[in-house]
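> Got a sequence here, can you build the structure:
(one chain, ligands or ions: 2)
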Amino acid sequence: MKKRLLVIGVVLIVLVATFYYYYTTVHVGTVKQNNIIKNGSFEDKSAWCLYDIAWSEAPENGFVLDPNGYSGKCLKIINSAVSPDRPYLYQDVSLPSGTVTKPLYFSFKYKPQNPSASFAIDIEIGWITYGLWILLSSRGAEITRGTGEVFGVTDVGGGWKQVEVAFLIGAGNYPFRINPLSVWEQEYVYLDDLYLGTEDPPSAENNLLTNGDFETGTYEGWKGYYFGEFTLNSTPVSYDKFSGKYAGELNTNVWIIFQKLNLSTMNSVYFRARFKILPSETVENSINPSCTNPPFALELRDSVDRCVFWFFYNNPMENVPAGEFSLLCLYKTYYTFEIVSTKKYTNGWRECIAKINSSIDCYDNYAFYVEFWNAEYFPSDTKILVDDLYVGYEPPSSAPPSWLDLLYENWWIPSLAVLCVLIIAVSAKLRKKRKV
Ligand SMILES: [Ca+2]
Ligand SMILES: [Ca+2]
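Residues are numbered from 1 along each chain as shown. Ligands and ions are numbered 1, 2, ... in the order given. Next up, the predicted model:
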């Protein structure tokens, strides 16, 4: 019996270690994805059915194609679809094996006719008992059934928003349904660019930074700065990174890394930083961050100091908008800015996305700095790891949670697995006893 438990334990440990290795080393970056949803872009009516029949041309059915899509045409869901007989649009989707332990990603864009008027649409993958239901309404997107997380809601311009969801589900064939609910105050809502797949959702990223993910394995594109610029002789670190194989590192010898940028305008510039402070959070908490003493800053400035934008991590100043872990501080006041999203992952990494708008023209000679602020006040072994740095005019993607993050938030799944193993072990023992 002891042997049997030992074998089960070893098998479990090997499985966990294998998955951990896979997700920390192999599961990298954005790969060109296969969209499981057919015609998620709604360029025509193919692949979609209304009830059980092919989607007809009759406009009164409440679902029509509209030329005002985010990409080409889109689905226009009209109020009449809500009542009296609540038709829904659907197609069958086939989900690949292994998706209980590897998250599936689902993303879509939507635009209500009137942002403040009420509406409610259920997007359903699978059934009530086994699947994922997302309620899209004037309150935003929320998961009402199933195991998953809405990890990104991004304003993508023109009244459109992109919703990104990661979820866990078993392999198999499922119905995918778009189901308008209850009473609507508005006439219609647009839906476009549905994506469902195993890879990260597609992103419109056009990164102006060179080697922002450090995947060249060098500091190509970056320079160091310490009373003057210098070439970095060290290499990015590989022992801890957010994506790919490498992350950049700032330490008490290299306080600042930077690169020069050509920006056409400072209006509508997005930043993304993924970062981690080592050795631990005690360092973060011990330094009493403030506007003048933050641990970490991103800075975008032109050659004559006319346009300077600072993003400070963890800054408890008043009168600046607060994210959960981040705040912005402005050196000059020509800007409006917002924090688009902040995240903390179970592996200790954090992500912050911010957007800056400038009301004035700046000079076109910019540099982007990543700074270890007041490094002399930190313990000498303190490091700040950075990865997937982004500056650009399109909204950057937000990293989905890993399966570890999802399991962490849905602790009952591993608990159930352990319980099953225990029941099997105990029943086997009882059977053996009975035989004896
Ligand atoms: Ca489209
Ligand atoms: Ca990387």
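> I'd assumed Thr382 was in contact with Glu277.
Quick fix: residue 277 reads Ile, not Glu. Yes: applying C-beta atoms under 8 Å as the test, Ile277 and Thr382 come out as touching, 7.1 Å apart. To be clear about C-beta, it is placed using only N, CA and C from the backbone, and glycine gets the same treatment.
> out of those two, which sits in the busier spot?
Set Ile277 next to Thr382 and count neighbours by other C-beta atoms under 10 Å: Ile277 wins out with 24 against 21.
> In three-state terms, label the more buried one for me.
State at Ile277, reduced to three classes by DSSP: H, G, I helix; E, B strand; the rest coil: strand.
> likewise Arg431?
Relying on three-state DSSP, one would call Arg431 helix.
> Now do it, the pLDDT please.
Per-residue confidence (pLDDT) for Arg431: 87.
> can you tell me how far it sits from ligand 2?
Arg431 is 51 Å from ligand 2, where distance means C-beta to the ion, to the nearest Å.
> Give me the number of neighbouring residues for that residue.
Neighbours around Arg431, by other C-beta under 10 Å: 10.
> Just list the residues touching it, thanks.
For Arg431, the contact set (C-beta atoms under 8 Å, 6 or more residues apart in numbering) is empty.
> Please list the residues of this protein that sit near ligand 1.
Counting by C-beta under 5 Å from the ion, the chain comes close to ligand 1 at Ser41, Gly69, Ser71, Gly72, Cys74, Asp192.
> make it 6 Å
Ser41, Phe42, Glu43, Gly69, Ser71, Gly72, Lys73, Cys74, Asp192, Asp193 (C-beta under 6 Å from the ion).
> among those residues, which one has the lowest pLDDT?
Among these, Ser71 has the lowest pLDDT, at 81.
> quick one, phi/psi of that one?
phi -130, psi 110 (degrees, to the nearest 10).
> ok, it - contacts?
Ser41, Asp192, Asp193.
> counting contacts, what elements does the helix or strand where the second one lies pack onto?
Asp192 is part of strand 188-197 when elements are defined by DSSP states H and E. In terms of contact count using 3 or more C-beta pairs under 8 Å, 6 or more residues apart in numbering; DSSP states H and E, strand 188-197 is assigned the packing partners strand 74-78, strand 104-112, strand 120-126, strand 160-168.
> Quick one: these as JSON lines, columns for mean neighbour count too.
Shown next, in JSON lines, are the helices and strands packed on strand 188-197 (neighbours: other C-beta atoms under 10 Å):
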{"stretch": "strand 74-78", "mean neighbour count": "24"}
{"stretch": "strand 104-112", "mean neighbour count": "23"}
{"stretch": "strand 120-126", "mean neighbour count": "22"}
{"stretch": "strand 160-168", "mean neighbour count": "22"}
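> could the ones you listed go into a markdown table alongside distance to Ala367?
Shown next, in a markdown table, are those (distance: least, C-beta to C-beta, whole Å):
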| stretch | distance to Ala367 |
| --- | --- |
| strand 74-78 | 40 |
| strand 104-112 | 33 |
| strand 120-126 | 44 |
| strand 160-168 | 30 |
